[in-house]
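Peer 1: got a predicted model here, sequence first, then my questions.
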Amino acid sequence: MSKYVKGLLQSELARKIVNDNMQDFLVVSIKGVNGVDGNRMRGELKEKGIRLLMVKNSAFREALRKCRIEPAAALFDGPCAVAWVPERDKGGLGRSSGGGNVVDTAKELAEWSKKVPVVEIKGAFIDGLVLDAKAAEALSKMPTRAELDGMVVTLAQSPARRLAGSFGGPAGIIAGCIKAIAEKQEKEAA
């Protein structure tokens with residue numbers, strides 16, 4: 001590949017990093033994935049807002065350097081693909097699941113590694129930190145944003161439920177006593 005073509009490739013990758021605001025991404029090895037599985041995986045991930053791009057390591061490292069994300073270059077060893085959610089797809093993800101952030105992306109790729117065993121998560125780059133394969137795999141076991149939101153709502157409602165129960169308990173006892181007195185007076189009157 002000529003220097004000119006390499007320069008164009010690096011510039012295009014750097015443009016993609018900047019335009020998609022690629023601050024968090026996973027590095028995946030898809031060495032050995034056949035064409036049918038690769039196309040199916042890309043298509044299903046794309047439907048969920050996740051992009052998967054095979055990269056030439058040296059070109060991507062140079063693009064990372066141009067974008068001042070040098071620490072992530074350590075993840076690129078051997079055949080690699082980059083998985084990320086473009087900034088424009090992070091907002092309203094009305095898709096079935098996945099997408100949105102690096103945790104959702106890790107969950108999707110972990111599912112794919114079960115379907116196609118040669119798919120392997122090699123690492124991740126999140127908020128300026130480089131995660132190794134083990135830590136990146138652990139991301140797939142974290143709760144999703146929707147699950148965390150549900151936990152927060154449940155925790156927020158818990159004190160209110162207990163408070164309502166506190167008020168409801170004595171009121172029920174008083175109502176029972178009043179009913180018993182009323183029934184007793186009805187029997188005496190009859």
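Peer 2: Perfect, thanks for sending it. Numbers count the residues shown, from 1 in each chain.
Peer 1: could I get the full set of helices for this structure?
Peer 2: 3-19, 35-47, 57-66, 102-115, 133-139, 145-189 (DSSP state H).
Peer 1: which residues does stretch 67-85 contact?
Peer 2: With contacts defined as C-beta atoms under 8 Å, 6 or more residues apart in numbering, stretch 67-85 is touched by 14, 17-18, 20, 22, 24-31, 45, 49-55, 57, 60-61, 64-65, 99-102, 104-105, 109, 122-125, 128-130. Every C-beta, even on glycine, is put in place using the N, C-alpha and C of the backbone.
Peer 1: let's see that with 6 Å instead.
Peer 2: 14, 17, 22, 25-28, 30-31, 49-55, 57, 60-61, 64, 99, 105, 109, 123, 125, 130 (C-beta atoms under 6 Å, 6 or more residues apart in numbering).
Peer 1: mind giving me the domain ranges of the chain?
Peer 2: According to automatic domain parsing, the chain comprises the domains 3-142, 143-190.
Peer 1: which of the ones you listed is buried the deepest?
Peer 2: The highest mean neighbour count among those, using mean count of other C-beta atoms under 10 Å, belongs to domain 3-142: a mean of 17.
Peer 1: just how off-centre is stretch 150-166 within its chain?
Peer 2: In terms of C-alpha atoms, centre = their mean, to the nearest Å, the centre of stretch 150-166 is set 27 Å apart from its chain centre.
Peer 1: tell me which residues are up against it.
Peer 2: Outside stretch 150-166, not a single residue reaches it (C-beta under 6 Å, 6+ apart).
Peer 1: how far away is Val27 from Ile126?
Peer 2: With distances taken as C-beta to C-beta, to the nearest Å, Val27 is found 12 Å from Ile126.
Peer 1: poorly predicted segments of this protein, please.
Peer 2: Along the chain, the parts satisfying pLDDT under 70 run over 88-100.
Peer 1: go through it and flag its longest strand.
Peer 2: Ranked by number of residues, the top strand in the chain under DSSP state E is strand 120-126.
Peer 1: ok, the spatially most central residue of the chain to Val153 distance?
Peer 2: The C-alpha lying nearest the average C-alpha coordinate of the chain belongs to Asp104 (C-alpha atoms, centre = their mean; 2.1 Å). Asp104 is 19 Å from Val153, where distance means C-beta to C-beta.
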